[in-house]
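> Sequence first, predicted coordinates after that:
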Amino acid sequence: MAFYDTASRTAYFIEFGAGRPIVLLHGISNSGRAWGPQIAPLVEAGYRVIVPDHAGHGASGKLTTPIGVAALAGDIEALLAHLDIGPVDLVGLH
């Protein structure tokens, strides 16, 4: 399990493969597990697949205050900085 700290929160992510990075974002009230069926085909296609759990979701830390979309976007920016990754392909569910 991999964690990173952002804005006084602990967030979880997992990654698979190597190559061009792609970040898979889950919808609200879900977790990165929603992407399970897509991970292996993306790795086989040559992607480095990065799947975070948003704050308060999945294996990420619990929230103590409400959070908005801007903060979630900031968390993803912090994850990319943590991984020292530049441009990525970004895919999301709602």
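Arrived safely, thanks for sending. These numbers come from a predicted model, not from an experiment.
> Contact partners for Val51?
Contact analysis of Val51 by Cβ atoms under 8 Å, 6 or more residues apart in numbering lists Phe13, Ile14, Glu15, Phe16, Val23, Leu24, His26, Gly32, Trp35, Ile39. Using the backbone N, CA and C atoms, a C-beta is placed for each residue, glycine as well.
> For burial, what's the neighbour tally of the last one?
Same thing as Ile39. Using other Cβ atoms under 10 Å, Ile39 has 18 neighbouring residues.
> possible to save the contacts of Val51 as CSV with secondary structure, distance to His54 and pLDDT?
Shown next, in CSV, are these (DSSP: H, G, I helix; E, B strand; the rest coil; distance: Cβ to Cβ, whole Å; pLDDT from 0 to 100):
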residue, secondary structure, distance to His54, pLDDT
Phe13, strand, 10, 97
Ile14, strand, 13, 97
Glu15, strand, 16, 97
Phe16, strand, 19, 97
Val23, strand, 12, 98
Leu24, strand, 12, 98
His26, coil, 7, 95
Gly32, helix, 9, 95
Trp35, helix, 13, 97
Ile39, helix, 17, 98
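> Mark which of those residues are buried, thanks.
For those, a neighbour count by 16 or more other Cβ atoms under 10 Å gives the buried set as Phe13, Ile14, Glu15, Val23, Leu24, His26, Gly32, Trp35, Ile39.
> among the residues you listed, which two are most distant?
Spatial extent of the buried ones among the contacts of Val51 (Cβ to Cβ) is set by the pair Glu15 and His26 at 14.8 Å.
> What pLDDT is listed against the residue nearest the centre of the chain?
The chain has Pro52 as the residue nearest its centroid, 2.1 Å off, counting by Cα atoms, centre = their mean. We have a pLDDT of 98 for Pro52.
> That one falls within a strand, correct?
Yes - counting by DSSP: H, G, I helix; E, B strand; the rest coil, Pro52 is part of a strand.
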